[in-house]
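Asker: A structural model of the following input is requested.
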Amino acid sequence: NKRSKYASYVAANQVSFIPFIMETFGGLGIDAVMFVKRLATQAARHRGSDYKTEKNHLFQKLSLTLQRGIARMIIARMDPC
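Answerer: Have a look, this model is predicted:
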């Protein structure tokens, strides 16, 4: 649905659209996984580091960011008493 929703924008602006789906427990959609792997490849080339290290770092960073976001939502819903 998202691809069709933004298809005209993508075509008109000559950009790419990658739906980045992340489940509450950290699972990623196939497009998101492929995107993170491409980012890791570019980061490894740019930094002169190992692809596997960069890939693991990116997935860990995403996981931690998700966990922090969930914790903030839980805290926001807690009774202040």
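
Asker: where exactly do the helices run in the chain?
Answerer: In the chain, helices defined by DSSP state H lie at 2-13, 30-47, 51-77, listed in chain order.

Asker: for the ones you listed, which one ends up most surrounded?
Answerer: Among the helices of the chain, ranked by average contacts under mean count of other C-beta atoms under 10 Å, first place goes to helix 30-47 (a mean of 14). No exception for glycine: its C-beta is placed from N, CA and C like everyone else's.

Asker: what is the orientation angle of it with helix 51-77?
Answerer: Using axes from the mean of the first three to the mean of the last three C-alpha atoms, to 10 degrees, the inter-axis angle of helix 30-47 relative to helix 51-77 is 120 degrees.

Asker: what is helix 30-47 packed up against?
Answerer: In this structure, helix 30-47 packs against helix 51-77, with contacts taken as 3 or more C-beta pairs under 8 Å, 6 or more residues apart in numbering; DSSP states H and E.

Asker: picking up where we left off before, which one, of the helices of the chain, ends up nearest to Phe20?
Answerer: helix 30-47 (4.6 Å; C-beta to C-beta).

Asker: one step back: how about TSV for the helices of the chain, with mean pLDDT and distance to Phe20 added?
Answerer: As requested, the helices of the chain are exported to TSV (pLDDT from 0 to 100; distance: least, C-beta to C-beta, whole Å):
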stretch	mean pLDDT	distance to Phe20
helix 2-13	90	10
helix 30-47	95	5
helix 51-77	93	10
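
Asker: of all these, which one is nearest Thr24?
Answerer: Distances from Thr24 to each of the helices of the chain were compared by C-beta to C-beta, and the smallest falls on helix 51-77, at 7.0 Å.
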